[in-house]
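Student: All I have is the shape, not the residue letters:
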């Protein structure tokens, strides 16, 4: 058998290709950023063709650097930014419009109308998620209404929809020459169109958005030797590698963190934060603003579900300090600047740039900085940005404990911000629980590799993956309950100041 398994990690800001050995250790990688297109306030787009080109480039570069051939890889997995919507012509392979990114808020009127007339309750019951700008179906409807000819092409069967995993899969497996139009249950579950009980597209939900079923991909398990079928027909790995696994990025991180038992939880710190708790094969419906989502499905086994709290802006708030305010020159400088002060000096920063996601789901919210005085410095703002990451995670963790009836004992963490030791200490202090970071930080790509490797027998079963997990660092709470409560009370006051800022005409 080949010695390695690889993964494509197509994220919000970049695409990377990573190679892992049987111990789950990173052998090598290459990564390239892609353009962030923001034509109007609240609009965020990507160029699908650029994403495809960058993906092919990172594969080729990494394989060359590692001096590997396609035959050295036992399988390939894909993980991706979820909800980001691409519609393309199956005859030409050309997108009709840029990809509309999960952060984009242009569909706020569509979401408000769904909520107003009661369809939102049906979406929650069937899909496990609320009507929100976050999810794919509203983006499809917007393209239908604003890009000439797309609806007609969809009705004729010429237009295909997919999230970025589906776009890459279709192209890598042949594109216009027999490309496979498939997605997995974790990505399909983020569209507002999949019924969680049947794991299939739901006719009633499709009717809410007037979406033709024939434009949607086939839904398959996350790990399956027959999942994507054949070997690749395009790109540097063509003809050799079995594409055998796909997971949305946050579910991939759950697998990479081996949160495979009910009650285990992880928090991924990236452009946004995503805190998930495994609820086993039980569908736990949230009463506190969380999402019920498919965590993974391996082959013909029963699907495993999760509660999820999605936070739109965390790492991107640090990018905002760097790129817009220019008070730091590198993301790492946020820790240096924040350490120049001992607390936030009474200043709170709520980065509701795209509204507030879980557990509030308020698209009318916008970012605020409150509690400022002449005393405050850039250090206080940098610390408040780090605290905002942690307080938003506490909002979600508290809701998760109410829904599940289980308290998080240890929070596993991953993602770029975990390199910021001050932020991780603040997280332990804010939550009042221990925070644990694995030795292998790239858990999202690793989870996709695990899914693909399990499908082809590279790893024998999920329990074998636990042997690969090792702790790198642990942070213990260092604040008192009184300090924790006082800090969180200030945060909750600040959140209230963000609400009702944007008037949404839901008519």
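Tutor: Looks like it came in fine. Model, not experiment: these values are computed from the prediction. Residues are numbered from 1 along each chain as shown.

Student: Just want the phi and psi numbers for the residue of the chain positioned farthest from its centre.
Tutor: Within the chain, residue 374 marks the point farthest from the mean C-alpha position, 38.2 Å out by CA atoms, centre = their mean. When quoted as degrees, to the nearest 10, the phi and psi of residue 374 stand at phi -60, psi -20.

Student: quick one, what contacts it?
Tutor: Applying CB atoms under 8 Å, 6 or more residues apart in numbering to residue 374 gives no contacts. C-beta here means a position set from N, CA and C on the backbone, and glycine is covered the same way.

Student: distance of it from residue 346?
Tutor: 12 Å (CB to CB, to the nearest Å).

Student: Can you tell me the element residue 490 falls in?
Tutor: Here residue 490, judged by DSSP states H and E, is contained in helix 481-496.

Student: For that helix, give me every contacting residue.
Tutor: The contact list for helix 481-496 (CB under 8 Å, 6+ apart) reads 346, 348-350, 356, 360, 368, 370-371, 387-388, 391, 394-395, 429-430, 432, 477, 479.

Student: Sitting in helices, which of those do you find?
Tutor: Using DSSP state H, 387-388, 391, 394-395, 429-430 are the members of these that sit in helices.

Student: Report the two of those separated the most.
Tutor: Longest distance between any two of the ones in helices among the contacts of helix 481-496 is 15.4 Å, between 395 and 429; criterion CB to CB.

Student: okay, the residue farthest from the centre of the chain: pLDDT?
Tutor: pLDDT for residue 374: 94.

Student: Check the one 3 residues further on too.
Tutor: The score at residue 377 is 94. That number is its pLDDT.

Student: Please apply the same query to residue 12.
Tutor: What the model reports for residue 12 is a pLDDT of 90.

Student: quick one: residue 439 from residue 306, how far?
Tutor: Residue 439 sits at a distance of 24 Å from residue 306 (criterion: CB to CB).

Student: do residue 455 as well
Tutor: The spacing between residue 455 and residue 306, counted by CB to CB, is 21 Å.

Student: which residue packs closest to residue 27, ignoring adjacent ones?
Tutor: Once flanking residues are discounted, residue 27 sits nearest to residue 19: 4.3 Å by CB to CB, 6 or more residues apart in numbering.

Student: any idea of the pLDDT on that neighbour?
Tutor: Listed pLDDT for residue 19 reads 97.

Student: Next, the contact list for it, please.
Tutor: Per CB under 8 Å, 6+ apart, neighbours of residue 19: 4-6, 26-29, 62, 66, 68, 73.

Student: Surely residue 50 is within a strand?
Tutor: No. Read with DSSP: H, G, I helix; E, B strand; the rest coil, residue 50 is helix and lies in no strand.

Student: mind listing what the closest residue to it other than its chain neighbours touches?
Tutor: Closest residue to residue 50 apart from its sequence neighbours, by CB to CB, 6+ apart: residue 34 at 5.1 Å. Contacts here follow CB under 8 Å, 6+ apart; on that basis residue 34 touches 13-15, 46-47, 50-51, 54.

Student: Adding secondary structure as columns, could you present those in TSV?
Tutor: Formatted as TSV, the contacts of residue 34 follow (three-state DSSP):
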residue	secondary structure
13	coil
14	strand
15	strand
46	strand
47	coil
50	helix
51	helix
54	helix
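
Student: Would you mind checking which of the residues you listed is nearest to residue 323?
Tutor: Nearest to residue 323 among the contacts of residue 34 is residue 13, at 11.7 Å by CB to CB.

Student: State the distance from that closest one to residue 266.
Tutor: 20 Å.

Student: what about these two, which has more around it?
Tutor: Comparing residue 13 with residue 266 by other CB atoms under 10 Å, the one with more neighbours is residue 266, at 27 against 16.
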